[in-house]
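In: Sequence first, then the predicted structure, then my questions.
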Amino acid sequence: MLQDAFLKFIAQEIFKNIQDNNEQFYFSKAWHPEYYKDSNYRVRIAEELNKKLNKPLDGDYSTKSNSLSEPIRRIAQKIWKTFATEMIQDGFFLENQATRENTYQWLWTKKFPRVAWDLAVKTATLVTEDTLSLCDYHQPITVEDRISTRVIPQEELLYKNTDYRLRLNLDSGGNLLLINQSADGNKYLIAPSKAFAEIPVTVINHILYLPPDKKANRAPISFETEKELFLGIVTTEEIKLSWIAEDYRNEDVELNEMRLEEIFQEVGKLSNCQVFQRGFRVGEK
């Protein structure tokens, strides 16, 4: 889960040379989006720590959630001391005022969007051709292709300037956000975008093709560099992006730094998501 990976990444910085496992546990929960939205997060954390330490659930301990106030205050101060320079650049002046709330806001609205792409690529599940593959754009898609688990012919080695269609077969349902990165570092949004898909792209239990048809606004997928990476994020909630148009526009597709950060700002609001990737080699015909 990308959210867990991010908190682990931050913990390595703020707890460097510190062996307080309880504080690290508190941080991994109290600063997690799932717990942040829960008004009873202190009770949940206290009870989960009891279980983690294999202690009987002492009602007095598990319900005295105020016992977490001091460690949470210390953790907020650690976040400030570790990232003060970066936080000040982002307009967060928290000297002697660091709290769970304002450090959480900085972590998930500023820090996470900046590091999320690299973190996602590093931690994403590697999938095989059974899950993600590319096939001939000009080959018709039959009803049987959309519901069958059979794999239609596809290229192990992709070719430059050739028209392809993406084929996805995901186990879990949700909303799909799919990004393609070329060897030159340029990134493109495959879904959601009217150029390649519907808005939103909902993953259900049958084969999904992108683009799904040959409407006038659709475009085949083609490549010009030697390596191509597809990174997918499946979320339970639809991610709405400010620049995505219901009407087709080519500008929807290319991802600059600002657009990429907006994507991960939205992902950072979610309690969880699934991330997967597959890379391809591309050669000349």
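Out: Structure received. Residues are numbered from 1 along each chain as shown.
In: can you give me the helices for this structure?
Out: With DSSP state H as the criterion, the chain has helices at 2-14, 21-30, 33-36, 41-52, 59-63, 69-89, 100-106, 112-123, 143-147, 257-267.
In: of all the ones you listed, which lies closest to I233?
Out: The closest of the helices of the chain to I233 is helix 257-267. By Cβ to Cβ, the value is 6.4 Å. For glycine as for every other residue, the C-beta is placed from the backbone atoms N, C-alpha and C.
In: Which residues does the closest one contact?
Out: Helix 257-267 has contacts (Cβ atoms under 8 Å, 6 or more residues apart in numbering) with 2, 108-109, 112-114, 116-117, 177, 179, 187, 189, 233, 235, 239-243, 255, 273.
In: If you count neighbours, what's buried in that helix?
Out: Neighbour counts over helix 257-267 (16 or more other Cβ atoms under 10 Å) mark R259, L260, E261, E262, I263, F264, Q265, E266, V267 as buried.
In: Other residues contacting stretch 199-217?
Out: Residues from elsewhere that reach stretch 199-217 (Cβ under 8 Å, 6+ apart): 141, 145-149, 165-170, 172-178, 190-198, 218-221, 234, 238-239, 244, 246, 248.
In: in the stretch 51-200 of the chain, what spans have low per-residue confidence?
Out: Scanning the stretch 51-200 of the chain for pLDDT under 70 picks out 55-66, 142-156.
In: can we see that at 90?
Out: Low-confidence segments of the stretch 51-200 of the chain (pLDDT under 90): 51-69, 128-130, 135-157, 161, 169-175, 191-200.
In: quick revisit: can you tell me which of the contacts of helix 257-267 are buried?
Out: Buried, going by 16+ other Cβ under 10 Å: 2, 108-109, 112-113, 116-117, 177, 179, 187, 189, 233, 235, 239, 241, 255, 273, out of those.
In: Compute the distance between the residue nearest to A120 when sequence neighbours are not counted and N54, please.
Out: Nearest residue to A120, sequence neighbours excluded (Cβ to Cβ, 6 or more residues apart in numbering): V275, at 5.1 Å. In this view, V275 and N54 are 32 Å apart by Cβ to Cβ, to the nearest Å.
In: Tell me how many other residues crowd the residue nearest to A183 when sequence neighbours are not counted.
Out: Excluding the flanking residues, the one nearest A183 by Cβ to Cβ, 6+ apart is T225, at 3.8 Å. Residues within reach of T225, counting by other Cβ atoms under 10 Å, total 13.
In: again, but for the one 3 residues further on
Out: For E228, the neighbour count with other Cβ under 10 Å is 21.
In: so how far is L132 from it?
Out: 11 Å.
In: do N40 as well
Out: 39 Å.
In: The two: who's more crowded?
Out: Taking other Cβ under 10 Å, N40 and L132 do not tie; L132 has more neighbours (20 against 10).
In: Name all residues that make contact with the closest residue to the more buried one other than its chain neighbours.
Out: In space, and not counting its chain neighbours, L132 is closest to R278: 4.6 Å by Cβ to Cβ, 6+ apart. Neighbouring residues of R278 by Cβ under 8 Å, 6+ apart: L126, V127, T128, E129, T131, L132, L229, F230.
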